[in-house]
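Colleague: Sequence below, structure please.
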Amino acid sequence: MDVSYFGAHGHVPLRVALLPAAVAGILLTAPAGSAQIMQVRATARKHRRAHHRAVKAEAKDSSKARR
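Modeller: Numbers count the residues shown, from 1 in each chain. This is a model prediction of the structure:
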């Protein structure tokens, strides 16, 4: 397979040309994916804490109503 990239020209097997392309794709998408996962986890943590506070407040209010 003839490869031309940024002015460099050469002839390499298809497998050899696809390997760096796959590695480059992983290196480009991994940081974006990691950032998105961290963002989703932070949002889930925030909602979980808010829910826990709401349940705790509801339990406190219902115990006052029973007295």
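
Colleague: Centre-most residue in this structure?
Modeller: The centroid of the chain falls nearest to Ile37 when counting by Cα atoms, centre = their mean (2.8 Å).

Colleague: for it, helix, strand, or coil?
Modeller: Secondary structure state of Ile37, per DSSP: H, G, I helix; E, B strand; the rest coil, is helix.

Colleague: Could I get the pLDDT score of Leu14?
Modeller: Note for Leu14: predicted pLDDT of 86.

Colleague: partners of the worst-scoring helix or strand of the chain on mean pLDDT, with directions?
Modeller: Least confident helix or strand of the chain, by mean pLDDT, DSSP states H and E, is strand 2-5 with a mean of 78. According to DSSP bridges, strand 2-5 has the following sheet partners: strand 8-11 (antiparallel).

Colleague: Could you pull up the mean pLDDT of the strand it pairs with?
Modeller: 84.

Colleague: what residues does stretch 14-28 touch?
Modeller: By Cβ atoms under 8 Å, 6 or more residues apart in numbering, the residues outside stretch 14-28 that reach it are Met1, Val3. Every C-beta, even on glycine, is put in place using the N, C-alpha and C of the backbone.

Colleague: Kindly export it (C-alpha atoms) in CSV.
Modeller: Provided in CSV are the C-alpha atoms of stretch 14-28 (Å, rounded to 0.1, in the frame of the first residue of the first chain):
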residue,chain,number,x,y,z
LEU,A,14,-1.9,-2.5,5.1
ARG,A,15,-1.5,-4.1,8.6
VAL,A,16,1.4,-1.8,9.4
ALA,A,17,-0.4,1.3,8.2
LEU,A,18,-3.6,0.4,10.2
LEU,A,19,-1.8,-0.2,13.5
PRO,A,20,-0.6,3.4,14.0
ALA,A,21,-3.9,4.7,12.8
ALA,A,22,-5.7,2.6,15.4
VAL,A,23,-3.3,3.7,18.2
ALA,A,24,-3.8,7.4,17.2
GLY,A,25,-7.5,6.9,17.3
ILE,A,26,-7.4,5.5,20.8
LEU,A,27,-5.1,8.3,22.0
LEU,A,28,-7.5,10.9,20.6
